[in-house]
Every structure is written in structure tokens, then in C-alpha cells.
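Peer 1: okay, here's the prediction I keep looking at, along with the sequence it came from:
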Amino acid sequence: MKLSLTILVLSALFTHALPIDGRSSHKGGSSSLQSILNRADSSELYHYPTDLTQDITPVLVHSHNDYWRPVPFYTALSVGSVSVEADVFLVNRTLYIGHERTALTPTRTLDSLYIQPLLDVLRRQNPASAFVTSPERAHGVFDTAASQTFYLWVDVKTNGTETWPYVVQALQPLREVGYLTRLNSSGVIENGPVTVIGTGNTPLNQIQTLTQRDYFWDAPVATLGTSFSNITSNVSPIASTNFAAQFGMINGTAFNETQLARLRSQIAVASSKNIRVRYWETPSWPVSVRNTVWKTLVSEGVGLLNADDLGAAAGHYGENSDW
């Protein structure tokens with residue numbers, strides 16, 4: 001199912017509509033049973049309205065530089081990633097997606113690559129139905145875990161003061177249907193299918209000072225106990241920092257005592273504030289070091305595992321992990 005979703009959503013780039021997922025071929029059993037299984041795709045009995053993400057188990061993996069994926073957002077969704085990151089540049093009042101200005105194109109925008117695809121998937125997960133007779137909390141993108149929020153990190157690359165208001169405006173399609181996690185007037189977080197976190201040049205003063213909002217800020221992990229000790233989980237539900245800058249090289253396949261102590265201290269400070277932690281710029285090679293770092297981060301309690309190789313990271317949470 002995960003692979004079929006990745007392949008099938010390629011057509012969404014051209015049609016702007018997701019096809020219903022296909023069933024894989026079946027082997028074994030009598031010829032009569034095979035005939036039933038092979039005809040399942042054409043029968044309404046074996047499909048249901050929210051089966052787009054059927055059989056996908058969400059994992060606490062962050063799709064780093066998600067816009068570089070074969071199909072942004074959908075590739076991450078297909079392996080169960082609960083978090084993606086989009087770099088945005090404000091140019092002529094439009095938010096374009098790319099790692100640098102030379103990679104920008106007229107069609108790749110925050111709206112086209114993330115807002116509209118999220119809307120499409122969430123509409124499929126929350127269809128109008130005669131079986132739903134009373135309002136209920138909107139379901140998230142995962143059929144197997146309807147209460148799981150999906151984190152959309154907006155990494156502002158241009159001037160934050162000028163750019164962030166455009167990001168807030170771009171969220172309106174998700175906002176008007178109640179899909180965003182929000183801080184209400186009582187200071188309570190109301191969880192929604194999508195949680196937006198501003199990072200990069202996102203200005204803290206355009207977030208922290210607001211008593212009601214539906215977006216949050218990426219606090220620096222290393223200073224949550226010092227210069228940013230006033231940051232709460234209402235401002236920053238997840239905080240991040242550069243792994244390499246904090247821990248340097250991992251020699252061999254294990255953290256040394258100093259590195260492990262720093263890791264535990266940073267996670268403990270964040271946890272005391274009910275803030276989860278994400279480390280980016282983790283080593284990707286050699287694979288043995290990468291896997292050891294990932295395993296240590298997960299075992300020590302990071303909130304999101306930052307990854308470029310999504311399949312490998314997601315595999316850590318499966319029964320057939322090769323760690």
C-alpha cells in the first residue's frame with residue numbers, strides 16, 4: 001500500500017485529484033478464491049471512503065527538505081511520516097517552494113505543493129456521510145490513526161517580518177474548515193489534523209504575543225533553559241537544533257559520555273516544558289553511524305526523528321527493522 005500510494009499520486013501533479021489506491025496482486029488459494037481477490041478492485045464491497053491511507057502506520061519521522069522528494073508531501077505520507085518541512089521564499093507576494101532561489105519555479109508554491117494536497121487528503125478522510133449525524137473532531141490524514149496530527153514546518157528563507165503574514169494568509173483554506181491546531185482564548189491547545197510550525201526566519205514576536213492563533217514557533221533546543229527559558233509548549237510544541245553543532249562528530253558507533261550527557265540534559269529541559277525535540281543535520285554516512293545516532297535519539301526520547309532517507313527511518317518502527 002505504501003508503495004502504491006507513492007506511485008499513484010504522481011498523477012495528482014497533473015490531474016490535481018488523487019486516484020483510489022490499487023490492491024496488490026494476490027497469490028495462493030483456489031482458482032475461485034483468486035478470481036474473487038483479483039476482482040476486488042472493481043467491487044464497492046472492498047473499498048470505503050477513507051481508504052486512501054489504508055494500512056499506513058504513522059511514525060514519528062520528519063521529512064527533512066521534503067520538497068526534494070519525488071512527490072512532495074505524498075511521498076512522506078506513503079511511508080507514514082507525520083511531519084514535513086517546506087522552505088519558502090516570498091517573491092512578488094507569492095510563497096514559492098525551494099532550497100534556494102535558483103530552484104524556484106512558477107508552479108511550485110506553498111499552496112500547490114502542501115496546502116491543496118493536505119486539503120484534498122483531509123476531505124477524503126472527512127467525507128460527508130449519512131452515517132455521521134453529529135459534529136465530531138476532524139480526522140487526520142492517517143486512516144489507521146485518525147487523531148494523529150500532521151506537522152507542517154514552514155521554513156522562512158526571506159525576511160521573516162515581511163514573509164510570515166503571507167504564510168498566515170496562505171493557511172486560510174485549512175483554517176476555514178477547522179483543520180488547524182490552535183491556541184484558544186483560554187490558553188488551551190485545541191489539537192487539529194494539521195499543526196503548523198514556523199522555523200528559519202519566522203519572527204517570534206509575531207507568534208508569542210498572540211493569545212489566539214493557529215500556528216507555532218520552532219524554539220532553539222539548546223537555550224530552552226537559558227535565553228529562551230520563557231518559551232512554553234503553547235509557543236513551541238516541538239523545538240529543534242543543529243545536531244552537528246551541538247555534538248560534533250560521533251566517533252565509532254556510540255555517543256561519548258559528554259555527548260550523551262548533553263543530549264539527556266537538553267531533552268530533559270524540553271520535556272519539563274512539555275516540549276518535544278527534533279535534531280537536524282544528523283550524520284547520514286556511514287550508515288552504521290547514522291543508524292546508531294537514530295537509535296540513540298529515539299531511545300532517549302526525541303519527539304521527531306529527522307531524516308533524509310525516509311524509508312530507512314520509518315523502518316526503525318516496523319517489526320522487520322534491520323537496526
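Peer 2: Thanks, I have it. Note that the structure is a prediction, hence the values are computed from the model and not measured. Numbers count the residues shown, from 1 in each chain.

Peer 1: now stretch 152-166: buried residues?
Peer 2: Along stretch 152-166, these residues count as buried under the neighbour rule (16 or more other Cβ atoms under 10 Å): 152, 153, 154, 155, 156, 157, 158, 160, 163, 164, 166. Quick note: C-beta positions are derived from backbone N, CA and C, even for glycine.

Peer 1: just checking, the fifth one touches residue 201?
Peer 2: Yes - when contacts are counted by Cβ atoms under 8 Å, residue 156 is listed as touching residue 201 (4.2 Å).

Peer 1: which residues are common contacts for those two?
Peer 2: By Cβ atoms under 8 Å, 6 or more residues apart in numbering, residue 156 and residue 201 have these common neighbours: residue 163.

Peer 1: what sits against residue 179?
Peer 2: Taking Cβ under 8 Å, 6+ apart as the criterion, residue 179 is in contact with 118, 119, 122, 138, 192, 193, 194.

Peer 1: and the pLDDT at it?
Peer 2: If you check residue 179, the pLDDT there is 97.

Peer 1: which parts of the stretch 101-250 of the chain are helices?
Peer 2: All helices of the stretch 101-250 of the chain, identified by DSSP state H, counting those that start in this stretch, fall at 110, 116-125, 160-170, 172-175, 243-247.

Peer 1: export only the CA atoms of the helix or strand just after the last one, formatted as PDB.
Peer 2: Per DSSP states H and E, helix 243-247 leads on to helix 257-272 as the next helix or strand towards the C-terminus. This file holds the C-alpha atoms of helix 257-272, laid out as PDB (Å, rounded to 0.1, in the frame of the first residue of the first chain):
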ATOM      1  CA  GLU A 257      29.800  10.400  27.800                       C
ATOM      2  CA  THR A 258      29.900  14.100  27.300                       C
ATOM      3  CA  GLN A 259      27.700  13.900  24.200                       C
ATOM      4  CA  LEU A 260      25.200  11.600  25.900                       C
ATOM      5  CA  ALA A 261      25.000  13.800  28.900                       C
ATOM      6  CA  ARG A 262      24.300  16.900  26.800                       C
ATOM      7  CA  LEU A 263      21.600  15.000  24.800                       C
ATOM      8  CA  ARG A 264      19.900  13.900  28.000                       C
ATOM      9  CA  SER A 265      20.100  17.400  29.600                       C
ATOM     10  CA  GLN A 266      18.600  19.100  26.500                       C
ATOM     11  CA  ILE A 267      15.700  16.600  26.300                       C
ATOM     12  CA  ALA A 268      15.100  16.800  30.000                       C
ATOM     13  CA  VAL A 269      14.800  20.600  29.900                       C
ATOM     14  CA  ALA A 270      12.400  20.400  26.900                       C
ATOM     15  CA  SER A 271      10.400  17.700  28.500                       C
ATOM     16  CA  SER A 272       9.900  19.700  31.700                       C
END
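
Peer 1: average model confidence for helix 257-272?
Peer 2: For helix 257-272, mean pLDDT rounds to 98.

Peer 1: helix or strand right after it?
Peer 2: strand 276-280.

Peer 1: pull out the buried positions in the next helix or strand after that next one.
Peer 2: Reading on from strand 276-280 to the C-terminus, the next helix or strand found by DSSP H and E is helix 287-300. For helix 287-300, burial by neighbour count (16+ other Cβ under 10 Å) applies to 289, 290, 291, 292, 293, 294, 296, 297, 298.

Peer 1: state the pLDDT value of the last one.
Peer 2: Turning to residue 298, the model gives it a pLDDT of 92.

Peer 1: what's the local residue count around the closest residue to residue 233 other than its chain neighbours?
Peer 2: The spatially closest residue to residue 233, leaving aside those adjacent along the chain, is residue 274, at 4.2 Å (Cβ to Cβ, 6 or more residues apart in numbering). Residues near residue 274, counting by other Cβ atoms under 10 Å, number 11.

Peer 1: for residue 56, same thing?
Peer 2: Using other Cβ under 10 Å, the number of residues around residue 56 comes to 22.

Peer 1: looking at the buried residues of helix 287-300, which one is closest to residue 106?
Peer 2: residue 290 (36.2 Å; Cβ to Cβ).

Peer 1: quick check: that closest one touching residue 296?
Peer 2: No - using Cβ under 8 Å, residue 290 is not in contact with residue 296; the gap is 11.0 Å.

Peer 1: and the contacts of residue 179, which two are furthest apart?
Peer 2: Maximum distance among those (Cβ to Cβ): 13.0 Å, for 119 and 192.

Peer 1: higher neighbour count, the two?
Peer 2: Remark: of residue 119 and residue 192, residue 192 carries more neighbours, 22 against 16, as counted by other Cβ under 10 Å.
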